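Chemist: One predicted model, sequence on top.
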Amino acid sequence: MCGFIGVRYTDNKISSEENDHLKTALSAIRHRGPDANGIFQTSWLSLAHARLAIIDLTSAAQQPMHDDSGRYVIVFNGEIYNYQELAKLYLTDDNKINRCSDTSVLLAMYKRFGRKCLYYLDGMFAFVVVDLQERTLFFARDRFGEKPLYFLQLPGLVAFASEITALQSLLPDYSWEIDPVSLAIYHIVGSIPAPRTIYKNIHALRPANWLEFDLDGGIREGNYWSLEQAISKHNTNPIESYEDAIKECRHHLLQAVQSRMVSDVPVGIFLSGGLDSGSILSLLHAQGFSSMSALCIDFQEERFSEYRLAEASARAFGAKLHRRVITAESFIKHLDRFFAGSDQPTTDGFNTYFVSMHAKEMGIKVWLSGVAGDELFGGYPSFHRIGRLQRIIRLLQLLLPNTLAGTWARHFPNSLKLSRCIHMCINGDPVKRAYQLLRNPMAKSNAINVLAPGLEMCKDLTSILDGCYPSTNYCRDYFQRASAMETSVYMASQLLRDIDNFSMAHSIEARAPFLDHNLFGFVFSLPNRFKVRKGAKKNLLTSALSHPLPDIVLGQPKRGFTFPIETWLKEHMVSSFRDHVLNDRNKDYWDLVALENMWKAHQNGKLHWSILWGYYAFARWMETRH
């Protein structure tokens with residue numbers, strides 16, 4: 001787990017000033033890798049790497065790393081969990097590779113298979129391989145988007161990094177303009193899905209994609225994995241009975257957890273009171289990983305506390321539970337650091353920030369997370385509501401002309417609930433519209449109406465928004481479609497980005513056992529009747545555990561791991577909201593009168609706090625980054 005920066009110039013032109021920028025950029029991401037750093041340069045290339053040592057703690061695994069021929073050099077962020085297996089299967093005749101290093105194995109796999117090496121990798125990764133002979137760049141990113149890779153192409157250069165922060169230090173004279181379309185998407189969706197970023201012309205490589213830059217600036221891009229392909233692979237031998245589904249699911253779960261315990265340093269687990277992290281602890285216990293260090297974040301506000309439930313799971317499976325309480329005072333105290341550490345604006349992420357902060361205090365570098373359990377096993381209530389809602393939308397689209405829906409949206413610009421309902425009537429995939437209604441914080445018309453007059457807006461924002469949601473026509477039913485959209489939009493662009501951003505801000509590596517592509521393909525291939533059973537929550541997951549969860553955990557109602565932001569916003573942050581959001585410096589982005597009305601509606605209990613938090617988060621982020 002690390003961070004990297006690089007720039008390839010068309011000509012031999014690296015100046016002393018550009019060298020200074022490279023060193024500044026490396027310092028800017030030192031938090032991603034405080035254990036070691038390295039720089040490699042030629043007359044046309046600069047690479048820098050900050051290392052968090054997890055696998056092979058020796059200097060032999062440091063980066064940038066060359067192959068034995070000297071032709072290829074790699075910078076890599078992440079972990080290849082099956083590197084030992086790959087070395088045994090495909091690299092037995094190569095005595096020059098370091099088999100203790102996943103980076104060395106990865107580079108050797110690329111040399112042997114080229115871009116096809118991606119099909120063999122099990123892990124989370126973003127990497128760049130430079131062919132020093134051909135002067136080409138090869139980028140790749142893991143299947144789900146756990147590890148980020150940002151880049152931009154300017155006349156004469158291609159620059160890339162693990163964080164936009166590093167690119168800003170590398171290219172301080174670049175304009176770094178906020179993209180108003182991305183800003184609108186941020187307020188509507190709550191995040192900015194790849195390949196867009198908050199900045200104009202700064203791109204994020206899509207999950208499961210590779211990218212190749214030729215010497216002359218030509219680009220080739222491709223996708224090497226998709227849920228559709230994974231489902232198709234497993235459907236060649238379909239599961240016929242629920243008992244067989246449970247057995248096969250248990251096998252994949254055990255394999256996923258075991259692979260994520262590959263480490264040369266201790267591993268802990270983030271433990272909430274929910275089914276997902278509790279299930280991971282059960283699976284660890286089944287494989288003999290005893291006395292795991294577990295960390296639980298708790299609150300003074302009782303209705304947000306999950307400590308009693310986490311304690312029950314820890315006691316059942318022999319974990320050593322550590323409790324850390326977050327108060328309103330400590331939350332507010334750390335907000336400056338939180339926003340300063342955010343690579344892009346986000347409406348979430350404080351949970352990862354605080355749990356990682358306390359994890360670092362414990363001196364453990366690697367932690368397991370229960371992220372993706374809801375996406376995979378159907379834990380969100382929206383999955384169960386989307387079927388009925390899409391039928392209502394289908395009827396509304398037949399009854400109401402699209403132009404009438406647009407007219408209504410313009411005549412009721414300040415009614416958030418009505419605008420969200422009107423959005424259902426707009427032509428388009430009814431399942432996609434239902435998902436947007438259930439999951440998006442704001443309707444398109446509301447977000448645009450709050451933007452400042454004069455901001456250039458894309459004429460076809462609806463199409464751009466729909467493009468953020470990949471096609472799910474291959475799915476067999478509405479439940480599977482909801483799960484696929486949740487995985488590719490909310491999880492990829494918000495949850496995983498925030499987890500990487502804020503865990504690495506504290507030099508912590510977070511691993512997600514549920515994000516195993518074989519497990520995902522198997523569970524997605526199963527018919528709905530195996531995953532949705534009346535009165536049961538995530539029945540497939542809990543039934544697959546050989547060591548069952550405590551009854552108190554199984555019997556709890558569904559709730560997310562949330563902070564008491566609504567209470568804190570009303571009781572402790574009134575002046576902060578006014579100072580940071582309702583401020584003239586934001587008039588270039590928002591209509592401050594419209595925002596004032598939204599703030600009053602929130603204070604009167606008529607507007608959910610999460611909508612206002614999006615504006616507050618962006619304002620605070622802008623102050624720390626610009």
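Modeler: Okay, I see it.
Chemist: and stretch 72-80, how far from the chain's centre?
Modeler: Relative to its chain's centre, stretch 72-80 lies at 19 Å (C-alpha atoms, centre = their mean, to the nearest Å).
Chemist: Please name the residues that touch the residue lying closest to Glu509 once chain neighbours are set aside.
Modeler: Of all residues not flanking Glu509 in the chain, Met1 sits nearest, at 4.0 Å (C-beta to C-beta, 6 or more residues apart in numbering). Backbone N, C-alpha and C define where each C-beta goes, glycine included. Taking C-beta atoms under 8 Å, 6 or more residues apart in numbering as the contact definition, Met1 lies against Arg32, Gly33, Leu52, Ile54, Asn77, Gly78, Glu79, Met504, Glu509.
Chemist: pLDDT value on Met1, please?
Modeler: pLDDT for Met1: 70.
Chemist: and the closest residue to Leu271 other than its chain neighbours, bridged to which residues?
Modeler: Closest residue to Leu271 apart from its sequence neighbours, by C-beta to C-beta, 6+ apart: Ala294 at 4.0 Å. Beta-bridge pairing for Ala294 (DSSP bridges): Ile269, Leu321.
Chemist: ok, now how distant is Ala294 from Gln480?
Modeler: Relative to Gln480, Ala294 is positioned 32 Å away (C-beta to C-beta, to the nearest Å).
Chemist: Next: Arg323.
Modeler: Distance from Arg323 to Gln480, counting by C-beta to C-beta: 38 Å.
Chemist: Equivalent analysis for Gly268, please.
Modeler: Distance of Gly268 to Gln480, computed by C-beta to C-beta: 33 Å.
Chemist: what do you get for Leu47?
Modeler: Using C-beta to C-beta, Leu47 is found at 42 Å from Gln480.
Chemist: Now for the most centrally placed residue in the chain: which residues touch it?
Modeler: A centroid search over the chain (C-alpha atoms, centre = their mean) returns Leu496, at 1.7 Å, as the residue closest to the centre. The neighbourhood of Leu496, defined by C-beta under 8 Å, 6+ apart, consists of Phe144, Gly145, Glu146, Val371, Ala512.
Chemist: Which pLDDT does the model give it?
Modeler: 97.
Chemist: Let's see which of the contacts of Met1 end up in helices.
Modeler: Met504 (DSSP state H).
Chemist: So which of the contacts of Met1 wins on neighbours?
Modeler: Highest neighbour count within the contacts of Met1, by other C-beta atoms under 10 Å: Asn77, with 33 neighbours.
Chemist: Now do the contacts for that one.
Modeler: Shown in contact with Asn77 (C-beta under 8 Å, 6+ apart): Met1, Cys2, Gly3, Phe4, Arg32, Phe125, Ala126, Phe127, Lys147, Leu149, Ser162.
Chemist: redo that, cut-off 6 Å
Modeler: Asn77 sits next to Cys2, Gly3, Phe4, Ala126, Lys147, Ser162 when contact means C-beta atoms under 6 Å, 6 or more residues apart in numbering.
Chemist: And for Asn223?
Modeler: Applying C-beta under 6 Å, 6+ apart to Asn223 gives the contacts Ala208, Asn209.
Chemist: What values do phi and psi take at it?
Modeler: The phi and psi values for Asn223, taken as degrees, to the nearest 10, are phi -120, psi 140.
Chemist: wait, which of the contacts of Leu496 is closest to Thr197?
Modeler: Distance to Thr197 across the contacts of Leu496 (C-beta to C-beta) is lowest for Gly145, with 13.3 Å.
Chemist: Touching, that closest one and Leu205? I think so.
Modeler: No. With contact defined as C-beta atoms under 6 Å, Gly145 does not count as touching Leu205 (8.8 Å).
Chemist: What ranges does the stretch 151-300 of the chain have for its helices?
Modeler: Secondary structure of the stretch 151-300 of the chain, counting by DSSP state H, counting those that start in this stretch: helices at 164-170, 180-189, 227-234, 242-259, 275-286.
Chemist: Go through these and name the closest to Asn427.
Modeler: Among these, the nearest to Asn427 by C-beta to C-beta is helix 180-189 (17.5 Å).
Chemist: list the helices and strands the closest one packs on?
Modeler: Judged by 3 or more C-beta pairs under 6 Å, 6 or more residues apart in numbering; DSSP states H and E, the packing partners of helix 180-189 are helix 444-450.
Chemist: what mean pLDDT does the helix it packs on have?
Modeler: pLDDT averaged over helix 444-450 gives 82.
Chemist: Mean pLDDT, mean neighbour count and distance to Pro453 added to the helices of the stretch 151-300 of the chain, as JSON lines?
Modeler: What follows is the helices of the stretch 151-300 of the chain, written out as JSON lines (pLDDT from 0 to 100; neighbours: other C-beta atoms under 10 Å; distance: least, C-beta to C-beta, whole Å):
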{"stretch": "helix 164-170", "mean pLDDT": "96", "mean neighbour count": "23", "distance to Pro453": "28"}
{"stretch": "helix 180-189", "mean pLDDT": "92", "mean neighbour count": "22", "distance to Pro453": "12"}
{"stretch": "helix 227-234", "mean pLDDT": "90", "mean neighbour count": "18", "distance to Pro453": "41"}
{"stretch": "helix 242-259", "mean pLDDT": "96", "mean neighbour count": "18", "distance to Pro453": "51"}
{"stretch": "helix 275-286", "mean pLDDT": "97", "mean neighbour count": "25", "distance to Pro453": "45"}
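Chemist: what's the residue of the chain positioned farthest from its centre sitting at in phi/psi?
Modeler: Relative to the centre of the chain, the most outlying C-alpha is that of Leu399, 38.4 Å out, by C-alpha atoms, centre = their mean. Main-chain dihedrals, Leu399, degrees, to the nearest 10: phi -90, psi -30.
Chemist: one step back: between Gly145 and Leu205, point out the one with more neighbours.
Modeler: Shown here are Gly145 and Leu205; by other C-beta under 10 Å, Gly145 has more neighbours (28 against 23).
Chemist: where's that one relative to Leu106, distance?
Modeler: The value you get for Gly145 to Leu106, if C-beta to C-beta is used, is 18 Å.
Chemist: returning to that earlier point: for the helices of the stretch 151-300 of the chain, give me TSV that also has distance to Trp210.
Modeler: Below are the helices of the stretch 151-300 of the chain laid out as TSV (distance: least, C-beta to C-beta, whole Å):
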stretch	distance to Trp210
helix 164-170	20
helix 180-189	24
helix 227-234	15
helix 242-259	22
helix 275-286	30
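Chemist: List just the one of those that sits closest to Gly363.
Modeler: helix 275-286 (19.8 Å).
Chemist: which other helices and strands contact the closest one?
Modeler: By 3+ C-beta pairs under 6 Å, 6+ apart, helix 275-286 packs against helix 242-259, helix 307-317.
Chemist: contacts for it?
Modeler: 253-254, 257, 269, 271, 292, 313, 317, 319, 368, 370, 373, 513, 538, 541, 545-547, 549, 553.
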